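# Turn this into a structure:
(chains A and B)
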Amino acid sequence: MPAAPASFLDPALLARISDLALLARTVVDGFMHGQHRSMRKGSSTDFAQHRAYQPGDDLRRIDWRLLGRTDRFYMKEFEADTNASVLFALDSSASMDYGSKGVTKYDYGRFLIASLAWLSQQQGDRVGLVTFTGDIVDVVPPSARHLQLLLHTLGRSKASGAGTLARPAERLAHMTTRAGILVLVTDCYESPEELGRAADTLRMRGQDLIVFHVVDAAERDFPFTAAATFEDAESKTRVAVRPDDLRKRYLEASRTHHAAVAKRLAASGADYVRVDTDQPLDRALHAYLDRRLARSRVR
Amino acid sequence: MGFLVPAFLAGLAAIVVPIVLHLRHRDKDTPHRFPSLMFVERLPIRTAQRRRITDWPLLLLRALAIILLVVAFARPLWWKPAIVNASAPPKTMVLVLDKSASMSHRAVWSAAQDSVRRIVQSLGAKDRAALVLFDDQAEVAQALTTDKALLMAAVAKATPGAAGTRYAAGLRAARQIAIDANTRTAPVDVTVISDFQRNGTAGLAGLDLPTSLHVRPVAVSRGPRANTSVAVAEARPIGDGARERLAVTATIRSRGVPAARPMSVMLRLNGRPSGTKLVTATGEGETRVVFDPVPLPSGLVRGELTIDPDSLAADDTARFTLTSNDAVKVLLVAPDDADRDETLYIERALAVGRSPSVQLERLRPSGIDKGRLEDAALVILWDVAPPSGSAGTALQQWTARGGGVVQVAARRTARRFGTPSLLPATLPGAAPPMALASPGVMNSKCPMSTSGKRGGWGESNAGLPHSVRSSRCSPITTFRPSPGSSSEIITTGPRRSPSSPEVNPVEP
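Coordinates of the predicted model:
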């Protein structure tokens, strides 16, 4: 698969584009450049099977050749694309509003959702949006015509307050009535078990769940050197620390947490994709498309 | 440069406050925001103990503000050097130096003299100055002069006195000098150098100073000064057998002394050491020192109490004077069967006397003789009949020479005699024969004749009187019912109240 031009996907460059629609189009066009065209097909021509004619069937789908050979009416059925319902859930807690290199995790999540929504729209999917902190904040129901509303809602949303996934997950599970794809964008600052329980809840109605774990470079590397007081973005707790003494144990704890989260989500049947805010968006888009293709062939 | 109120400079210690604030306030304004401390809080970390000043400019500004405030309160003085300027008019100055007893404190007086010297040195060649010394009165130590040497000599010659402080006296003298100087509209600077004791302000309210008189105070006292003083609490002669003794009690007062300090207190009588006590004076308060009674010299006695000298020597010595007291000899004649308690109160009552004191001698009726009566002033016959025989003769002769006799008739003699038999002897003519003496009868109801816990004089459990209650016994009053009557009516009730008359015919 040819790599997408990095300039179209670099988050630092994307941050200069204020219009999310333009941004999403730029990303998707850049990403899709050189991709296999079959991914953009609108309808399928692949034969699937025959079945007996029933009154009311479309006469145009009668296999006339088989009628000539067998003198019976059979209907031709083809493998066809189904329009999936894609619901994006964005963690809007204050911990997402952090960026050590210009792009905050929240911005990165918005770019990601906007791009995926644009891509999904081109695939003919219905797109919807949910933002949540401790509870659900904004809701855009999935619809084929809700892309602009989704982008608008995404553009004006802000990250603030303390967030947990348990309550929003319950409400989301009740909101989704048909099976579809649920894209969860969060920074996973919860225990693996709680995240796993939330994933179980979300997958209860047969939803495909993709969890994008957004990580900032500072969270990943803990590059601080000078002793300072650190303040928790959500709880406002302050702790005076010497980062040099702490770094090794912090990184180890961070790695352990990420591994535990991935393992628990896999156990729940969810796809776990870790995305770093200093990396281009293509990895996230690839992961999404892989998942989308996996469920694209339905009869 | 100096400071008018240098005590305020202690406020410079307040600079510590912004420094501590800056040290403690280190990161509260700019904490490092982080998405989540979930991992950090799980780790056993060592918190950073940073003590570093973060905002130097702000700290310096705050410290500067405090320094300026403190210096402003301390009121800085700049001693202007003498500027030789031919066009400038000569200055007239009156230096008013306090020489009261409180200024005799070692540190204060030298500081006051130095202040005056500095001012004199700062004078210009044509400036005139005068020196006034004052305590409760003022004296001109040096009239207005341009000669600094004369002023310096006057300052060196001045010594603190023993009198109190009255600023009005000094200012009045300064005003007179200013008027005599005839400077017209030119101002006259009056500089008062003192420790500014509060009790010296009497008379200031009525003092009218001209507007051309510029009064400037220079305080030389640096807060409360440690001082210990001695005073005579009591000096009294006490009758102690044949020889009189002197009991002296001193009071040691301390004020502002940092800690209790041991010191000796010496008593001198007529210049001779008569006793020394070692005491520990408290830091703040007073201590009483009781000297053992010492023999009282005859004639005029000059006593002196001295403590170890301190910075203020004026009150380290206390003096007193007393004259030897010739006691009045009183013979108390008590019955043979009378115990000591019976006459206890009359003895104690007589011992209370101070001026003159009473030298009491207790004896039996048979002990009355010419020798004992020789230097006696009074004989008290305590429930005893007038003696007969040689004792009675001696007593009669002695009373004829002016001796006084008081017969106290109590349970033994009152019933037997009814009315005092000696009375006619003391009432020869028209009553009353003496203005201050009148005959009386003491009966069992009279408080003087009761003893113990039955009432009368107040008593304590130890049997000693602790209070005195004055009571008048029923007097015997005599008067004739009509002019020319050959008999007198004698009553024992209230004066001239014939409620219970007892008629006793007497010979005129």
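
# Surely A:T104 touches A:S92?
No - using Cβ atoms under 8 Å, A:T104 makes no contact with A:S92, being 11.7 Å away. Placement of C-beta: from N, CA and C, glycine included.

# Neighbour count for these two, which is higher?
A:S92 (27 against 21; other Cβ atoms under 10 Å in any protein chain shown).

# my read: the more buried one touches A:D135, true?
No - the criterion here is Cβ under 8 Å, and A:S92 misses it with A:D135 at 10.5 Å.

# Next one: the spatially most central residue of chain B, what pLDDT does it get?
The centroid of chain B falls nearest to B:A231 when counting by Cα atoms, centre = their mean (6.8 Å). B:A231 is assigned 87 on the pLDDT scale.

# could you measure it against chain A, distance?
According to Cβ to the nearest Cβ, to the nearest Å, B:A231 stands 64 Å off from chain A.

# Other residues contacting stretch B:161-178?
B:92, B:94, B:96, B:98-102, B:104, B:130, B:132, B:134-140, B:143-144, B:188, B:190, B:192, B:194, B:197, B:199-204, B:206-207, B:209-210, B:212-213, B:215, B:314 (Cβ atoms under 8 Å, 6 or more residues apart in numbering or on different chains).

# Please save the CA atoms from that stretch in PDB.
C-alpha atoms of stretch B:161-178 as PDB (Å, rounded to 0.1, in the frame of the first residue of the first chain):
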ATOM      1  CA  GLY B 161      21.000  66.900  89.700                       C
ATOM      2  CA  ALA B 162      18.500  65.200  92.000                       C
ATOM      3  CA  ALA B 163      15.400  67.100  91.300                       C
ATOM      4  CA  GLY B 164      12.400  66.200  89.100                       C
ATOM      5  CA  THR B 165      11.700  67.300  85.500                       C
ATOM      6  CA  ARG B 166       9.600  70.300  84.400                       C
ATOM      7  CA  TYR B 167      10.000  71.200  80.700                       C
ATOM      8  CA  ALA B 168       8.000  74.400  81.200                       C
ATOM      9  CA  ALA B 169      10.900  75.800  83.300                       C
ATOM     10  CA  GLY B 170      13.400  75.100  80.600                       C
ATOM     11  CA  LEU B 171      11.300  76.400  77.800                       C
ATOM     12  CA  ARG B 172      10.400  79.600  79.800                       C
ATOM     13  CA  ALA B 173      14.100  80.300  80.200                       C
ATOM     14  CA  ALA B 174      14.700  79.700  76.500                       C
ATOM     15  CA  ARG B 175      11.800  82.000  75.700                       C
ATOM     16  CA  GLN B 176      13.400  84.700  77.800                       C
ATOM     17  CA  ILE B 177      16.800  84.300  76.100                       C
ATOM     18  CA  ALA B 178      15.000  84.500  72.700                       C
END
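
# element containing A:G128?
Assessed by DSSP states H and E, A:G128 sits inside strand A:126-132.

# which helices and strands sit right next to that strand?
strand A:85-91, helix A:105-122, strand A:136-143, helix A:147-156, helix A:166-175 (3 or more Cβ pairs under 8 Å, 6 or more residues apart in numbering or on different chains; DSSP states H and E).

# okay, the angle between that strand and strand A:136-143?
180 degrees (axes from the mean of the first three to the mean of the last three Cα atoms, to 10 degrees).

# mind listing what B:Q197 touches?
B:S100, B:S102, B:T165.

# Pull the contacting residues for the second one.
Applying Cβ under 8 Å, 6+ apart to B:S102 gives the contacts B:V108, B:T165, B:D195, B:Q197, B:L312.

# who wins for neighbours among these?
That'd be B:T165 among the contacts of B:S102, by other Cβ under 10 Å, with 25 neighbours.

# do you know how far A:G196 is from A:M204?
13 Å (Cβ to Cβ, to the nearest Å).

# what bits of the chain have low per-residue confidence?
Went with chain A since none was named. Residues of chain A meeting the criterion pLDDT under 70: A:1-22, A:26, A:30-46, A:78-83, A:291-299.

# Can you look at chain B instead?
Judged by pLDDT under 70, the stretches of chain B that qualify are B:25-29, B:44-54, B:79-88, B:184-185, B:222-223, B:240-242, B:299-300, B:323-326, B:355, B:414-508.

# need the longest helix for it.
If each helix of chain B is counted by residues according to DSSP state H, the longest one is helix B:56-74.

# Quick check: chain neighbours aside, which residue is closest to B:F34?
Closest residue to B:F34 apart from its sequence neighbours, by Cβ to Cβ, 6 or more residues apart in numbering or on different chains: A:F230 at 4.8 Å.

# can I assume that neighbour is in contact with B:S36?
No - using Cβ under 8 Å, A:F230 makes no contact with B:S36, being 9.9 Å away.

# more neighbours, A:G196 and A:M204?
Each of A:G196 and A:M204 has its neighbours counted (other Cβ under 10 Å); A:G196 has more, 20 against 13.

# Helices along chain B, start to end?
B:16-24, B:38-42, B:56-74, B:106-121, B:148-157, B:167-181, B:344-351, B:370-374, B:389-400, B:414-417, B:423-426.

# Repeat that for chain A.
Going by DSSP H, chain A shows helices at A:11-14, A:20-32, A:64-70, A:105-122, A:147-156, A:166-175, A:192-202, A:217-221, A:243-267, A:282-294.

# helices and strands around the fourth one, which ones?
Packed against helix A:105-122, as judged by 3+ Cβ pairs under 8 Å, 6+ apart, are the following elements: helix A:11-14, helix A:20-32, strand A:85-91, strand A:126-132, helix A:147-156, strand A:181-186, strand A:208-215, helix A:282-294.

# With just CA atoms, put it into PDB.
The C-alpha trace of helix A:105-122 is given here as PDB (Å, rounded to 0.1, in the frame of the first residue of the first chain):
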ATOM      1  CA  LYS A 105      -4.800  15.600  22.300                       C
ATOM      2  CA  TYR A 106      -8.300  17.000  21.900                       C
ATOM      3  CA  ASP A 107      -7.400  18.700  18.700                       C
ATOM      4  CA  TYR A 108      -5.800  15.600  17.400                       C
ATOM      5  CA  GLY A 109      -9.000  13.600  18.300                       C
ATOM      6  CA  ARG A 110     -11.100  16.200  16.500                       C
ATOM      7  CA  PHE A 111      -8.900  15.900  13.400                       C
ATOM      8  CA  LEU A 112      -9.100  12.200  13.500                       C
ATOM      9  CA  ILE A 113     -12.900  12.100  13.900                       C
ATOM     10  CA  ALA A 114     -13.400  14.700  11.200                       C
ATOM     11  CA  SER A 115     -11.300  12.800   8.800                       C
ATOM     12  CA  LEU A 116     -12.900   9.500   9.600                       C
ATOM     13  CA  ALA A 117     -16.300  11.000   9.300                       C
ATOM     14  CA  TRP A 118     -15.500  12.500   5.900                       C
ATOM     15  CA  LEU A 119     -14.100   9.100   4.800                       C
ATOM     16  CA  SER A 120     -17.200   7.300   6.000                       C
ATOM     17  CA  GLN A 121     -19.500   9.800   4.300                       C
ATOM     18  CA  GLN A 122     -17.700   9.100   1.100                       C
END
